[in-house]
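S.K.: Structure of the sequence below:
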Amino acid sequence: MGKYMIEENIMPWGGQVVTVQKKAIKNVYLKVLPPEGRILLSVPKGYSRKEIEEVLDSRREWLLSRQQLIRENARASVKRQYVTGEKIPVWGKPYELVVREVAGNRARVTCKDGKVLLLVPGYATRDQRRQVLNDWYRRQLERVVASEKSRLESLVGKTAAEWRFRDMHTRWGTCNVRARRIWLSIHLAKQSPEVFRYVAIHELTHLWEANHGPEFKARMDRYYPGWRVVRKQMNIAADFE
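M.R.: Sure, this is the predicted structure:
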């Protein structure tokens, strides 16, 4: 059983502490965990302190931007109550939320003239109002994917067997390469069309290259030359609430 034991330590790095787990593994795994942005690094058992610091230093920019994203989302989650007068994002633009009570149990959302009208029963809680809006965001994303997927798949030269949508809070998209199934976060409907385009092309490109190595980046440069700029903007403008 000894080889399956995990050695866990906390070490300082860049003015903060990092949890380091040494396991019987071959690869390095790096995560930033919500809600406070704690860093968790898993490495093979033989890794030295110097090797661990090199891993962290090489991913410094990604780690800090990921922490910023997660912490901003945590703050947004506390602030937003889904009441009249709040600003909510729709395809990268702020819209004023207007909440009105309706009789019965049916709820619906309409968007017009810079406002999002949320019609809900008077008893609807904050979480229920949020869920109604999330369902609406899902439909917005489904509509755009239905319209754009053929063009994007033609651009990349790969076709997804299936596009699915999920309320993901730490990732914009994932790709199951073997099943050729792409999952997108419904919160992409809050971001600009450029962000949607970047994430969709990113996941389609994984059908060529499973990892994020040089070949993957070269393909991204070919399919979407401005992807690096968009990725930086995503770390500032994230909204998973």
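
S.K.: can you give me the strands for this structure?
M.R.: Secondary structure of the chain by DSSP state E: the strands cover 7-13, 16-23, 29-33, 38-44, 87-90, 93-101, 108-112, 115-120, 162-166, 173-176, 181-185.

S.K.: can you put the ones you listed in a markdown table and add mean neighbour count?
M.R.: C-beta: built from backbone N, CA, C; applies to glycine. Listed next are those as a markdown table, based on neighbours: other C-beta atoms under 10 Å:
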| stretch | mean neighbour count |
| --- | --- |
| strand 7-13 | 11 |
| strand 16-23 | 16 |
| strand 29-33 | 15 |
| strand 38-44 | 17 |
| strand 87-90 | 16 |
| strand 93-101 | 14 |
| strand 108-112 | 13 |
| strand 115-120 | 19 |
| strand 162-166 | 15 |
| strand 173-176 | 18 |
| strand 181-185 | 21 |
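
S.K.: out of these, which comes closest to Arg143?
M.R.: strand 162-166 (11.0 Å; C-beta to C-beta).

S.K.: What pairs with that closest one, parallel or antiparallel?
M.R.: In the sheet, strand 162-166 lines up against strand 181-185 (parallel) (DSSP bridges).

S.K.: Can you name the residues in contact with the partner strand?
M.R.: Residues outside strand 181-185 that contact it (C-beta atoms under 8 Å, 6 or more residues apart in numbering): 141, 145, 160-169, 171-176, 199-200, 203-204, 240.

S.K.: change it to 10 Å
M.R.: Under the criterion C-beta atoms under 10 Å, 6 or more residues apart in numbering, residues 137-138, 141-142, 144-145, 149, 160-176, 191, 196, 199-200, 202-204, 206-207, 240 lie in contact with strand 181-185.

S.K.: just the helices in this protein please.
M.R.: 49-58, 60-79, 126-156, 193-205, 214-223, 227-237 (DSSP state H).

S.K.: so which of those helices is the most packed in?
M.R.: When the helices of the chain are scored by mean count of other C-beta atoms under 10 Å, the highest mean neighbour count falls to helix 193-205 (a mean of 22).
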